[in-house]
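Novice: have a look at this prediction, sequence included:
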Amino acid sequence: MASVTLLPSAYDSDLSSYASVNSSYPLSNGLNSSPDSDTYAEINLTTGNRATSTLAVKFDMSQVPAGATIDSITCRIKARISNSSPYVLTGVAQLYYGATAMGGEVELGTSAVAQTFNDVGYWDRDRLSQLTLLITCTRGVTMNLDGTTTLEPTEFQQRWTQEHWMLQYDLMFGKGYALTRMGLESVAEPAKGK
């Protein structure tokens with residue numbers, strides 16, 4: 001089976017949102033470079049509680065032969081987050097086909113480590129031109145049971161968040177996915193708007 005390596009070729013300004021770019025490490029540094037490269041781009045994140053910054057990366061599909069059918073995608077990303085603010089910072093990367101998330105998220109840490117994630121399906125070159133890597137960072141505070149806030153989640157809160165992240169999705173969108181996954185379909189509300 002043939003394999004083609006696609007490098008970042010552009011940023012989607014409509015999907016990207018951040019405070020500014022560090023002029024010493026411009027966004028152009030991140031284009032056409034592999035995760036093995038020491039060249040990188042650096043953005044300054046939006047500040048404040050519950051602030052979200054996003055960088056959307058597009059790929060040059062010209063290396064994919066016309067008429068080719070793509071049945072799997074492997075994405076390697078080398079990124080890190082750095083937190084100089086008083087808020088908790090989390091970062092994730094995920095591939096999207098149009099507005100549809102592909103595969104799982106890769107959690108970003110404070111060390112620049114190359115990470116890989118995969119997805120399978122069937123795409124042609126034209127459809128795959130909608131492929132976007134979305135890197136999202138969110139700042140916030142941790143709410144304790146007694147109503148106080150802290151900047152760092154407790155060990156229990158970190159573990160619970162890792163194990164039950166889909167419950168938060170349910171709270172935001174009301175679809176009942178997590179309850180269904182947990183075998184509690186009878187407790188789930190019907191999806192809103194249906």
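Specialist: Nice, I can see it.

Novice: the strands in this structure, which residues?
Specialist: 8-11, 20-21, 43-44, 52-59, 69-79, 88-97, 100-108, 113-124, 131-140, 142-143, 149-150 (DSSP state E).

Novice: switch those over to TSV; also include distance to S37 and mean pLDDT.
Specialist: Where C-beta positions appear, they are placed from N, C-alpha and C, glycine not excepted. Listed next are those as TSV, based on distance: least, C-beta to C-beta, whole Å; pLDDT from 0 to 100:
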stretch	distance to S37	mean pLDDT
strand 8-11	11	90
strand 20-21	18	91
strand 43-44	17	86
strand 52-59	14	90
strand 69-79	8	85
strand 88-97	17	82
strand 100-108	17	82
strand 113-124	10	81
strand 131-140	16	85
strand 142-143	35	68
strand 149-150	38	68
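
Novice: burial check on S53, number of neighbours?
Specialist: S53 has 21 neighbouring residues, counting by other C-beta atoms under 10 Å.

Novice: partner residues bridging it?
Specialist: Note on S53: beta-bridge partners C137, judged by DSSP bridges.

Novice: in this structure it contacts I43, no?
Specialist: Yes - contact criterion C-beta atoms under 8 Å: S53 and I43 qualify, at 6.8 Å.

Novice: which residues do the two both contact?
Specialist: 18-19 (C-beta atoms under 8 Å, 6 or more residues apart in numbering).
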